[in-house]
Structures are given as structure tokens and as C-alpha cells.
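Student: Show me the folded form of this:
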Amino acid sequence: MNGARIKKVILRPGDSIRIGSSPPYRFDGETLDVSLEGAGMTIALKDVGITRDGRTLIQNINLTIPADSFVGVLGPSGAGKSLMLGTLSSTMLPTAGAVEFDDGQKVLDHLDLLPVEAWHRHAGDIVYTDLTVQENLDFAAEIRLPDFSPTDRAERVDFALEAVGLLEHRPRRWDSLGRAAKRVSVAIELLLQPRLLPARRTNEAGWIRECRRG
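Tutor: Here you go, the predicted model:
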């Protein structure tokens, strides 16, 4: 309850609880309502390293990612990008150092919590290529946010499109966006406002060119 493990407690209005790996529920004094929203998560790698079969794969990684920020990790093949993303999302545990989130909470002490907070954006696109950006987001919102009113869903769609810089492209078809098309899949994941969103891109060279353009 409220981030602490408990066995027995009296709930008070405003308390937030999580049962196992469930999403959080908030108690309003009478009922428990599921909460699919959350503020961003600050996460830090401190002297993180991974060793396998006597081989050091990554070492001395120190990185802090502030809440509500987009961070790109660039590097050549074999540099350890996937290993680092694995430690950030708790799908891979480091053999040295520590991964911490929020106010210094160690991932190793909360392995049942962080995976629920972290949604994964895989390399493949999760869109309908013949629909517009707006239509893709509206359709995804109806499926992922069935309990939201049309007004609330529209606000969440606007939030997601603004976060990835696609508001002005909402009437365009997905297959006309070029490199910006990847952002639609990210926007769809942002509809649920995940606290942490590890994502991978397959065309890293294209991503570098896009970043250099500004």
C-alpha cells in the first residue's frame, strides 16, 4: 500500500494499493478504482555492470534519466545498448552496481513492481498502414481505454500526439510519414501514460540522421 509491503491494513480514502503484479488501485472511501495513469519515473544506473561466463559485457555504466523525458541511446553493434535497456526495464539483472527508480528505490528490492510500471515498445510497428495518424490513435484509444469517455479519450490522444510531435500530422496517412512513422507506435503506447517506456529502433543510422537534422 502506498509503495510499502503490507499484510494487513485499514484503507483510508486516497490510499493506493497494488495486489501482486496488478496495476495500482486507488481507494475513494467506498470502492477501489483501477488507475492507468502515473507521473513519469526517474531511473538511474549506478556503476552497473554485467558479467557472463567470466566475460565483462558492460561495466561502470552511470546514467540518470529524469522523469517525463525522451532519451536516445546510440552506439555501434555490440556496444551493449540492449543490455543497458534490459537493466533499465528490469528484464535483465546487473551483476554489479544498482538500478534505482523514483526516490532511490532499488529495482532488486522491487522486482514485482517495476515490470508493471514499464511498458515495452518493440521494434515492430503496431499500426494500420492505410489509416491516418488520427484514426490509428482513436482506434487504439477505444481498445486501450474502454472506460474513458469520448472527451477523455480525445484528450489522451492529443496528449500522446503532442508528446511525439505529431499534432500537425494527424490527418496524414501513416505510410506517408517517412521516418516520423515510428512515432505513431510510440504515441499509441503513451495513451496509457506508462511511467517507463524502453523502446528499440531497428534503423539506427536513420535515427542518427534524423537527430542531426534537429
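
Student: Mind exporting the C-alpha coordinates of the one helix or strand Ala154 maps to to PDB?
Tutor: Here Ala154, judged by DSSP states H and E, is contained in helix 150-163. Output of helix 150-163 as PDB, limited to C-alpha atoms (Å, rounded to 0.1, in the frame of the first residue of the first chain):
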ATOM      1  CA  PRO A 150     -15.100  10.200 -25.700                       C
ATOM      2  CA  THR A 151     -13.900  13.500 -24.400                       C
ATOM      3  CA  ASP A 152     -11.300  11.900 -22.100                       C
ATOM      4  CA  ARG A 153     -10.100   9.700 -24.900                       C
ATOM      5  CA  ALA A 154      -9.700  12.700 -27.200                       C
ATOM      6  CA  GLU A 155      -7.600  14.500 -24.600                       C
ATOM      7  CA  ARG A 156      -5.400  11.500 -24.100                       C
ATOM      8  CA  VAL A 157      -4.900  11.200 -27.900                       C
ATOM      9  CA  ASP A 158      -3.900  14.900 -28.000                       C
ATOM     10  CA  PHE A 159      -1.500  14.300 -25.200                       C
ATOM     11  CA  ALA A 160       0.200  11.400 -26.900                       C
ATOM     12  CA  LEU A 161       0.400  13.200 -30.300                       C
ATOM     13  CA  GLU A 162       1.800  16.300 -28.700                       C
ATOM     14  CA  ALA A 163       4.400  14.300 -26.800                       C
END
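
Student: What is that helix packed up against?
Tutor: helix 133-144, helix 182-190 (3 or more Cβ pairs under 8 Å, 6 or more residues apart in numbering; DSSP states H and E). (C-beta placed from N, C-alpha, C; glycine too.)

Student: can you pull the alpha-carbon coordinates of the first one into CSV?
Tutor: What follows is the C-alpha trace of helix 133-144 in CSV, where atoms were taken according to Å, rounded to 0.1, in the frame of the first residue of the first chain:
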residue,chain,number,x,y,z
VAL,A,133,-2.4,9.2,-37.7
GLN,A,134,-5.6,10.4,-36.0
GLU,A,135,-7.5,7.3,-37.0
ASN,A,136,-4.8,5.0,-35.6
LEU,A,137,-4.7,6.8,-32.3
ASP,A,138,-8.5,6.9,-32.0
PHE,A,139,-8.8,3.2,-32.7
ALA,A,140,-6.1,2.3,-30.2
ALA,A,141,-7.7,4.6,-27.6
GLU,A,142,-11.0,2.9,-27.9
ILE,A,143,-9.4,-0.5,-27.3
ARG,A,144,-6.9,0.5,-24.6
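
Student: Quick one: mean pLDDT for that helix?
Tutor: Mean pLDDT, helix 133-144: 91.

Student: Could you pull out the buried residues of it?
Tutor: Neighbour counts over helix 133-144 (16 or more other Cβ atoms under 10 Å) mark 133-138, 140-141 as buried.

Student: Please render those as JSON lines that adds distance to Asp152 to the earlier fields.
Tutor: Below are the buried residues of helix 133-144 laid out as JSON lines (distance: Cβ to Cβ, whole Å):
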{"residue": "Val133", "distance to Asp152": "20"}
{"residue": "Gln134", "distance to Asp152": "16"}
{"residue": "Glu135", "distance to Asp152": "18"}
{"residue": "Asn136", "distance to Asp152": "18"}
{"residue": "Leu137", "distance to Asp152": "14"}
{"residue": "Asp138", "distance to Asp152": "13"}
{"residue": "Ala140", "distance to Asp152": "14"}
{"residue": "Ala141", "distance to Asp152": "9"}
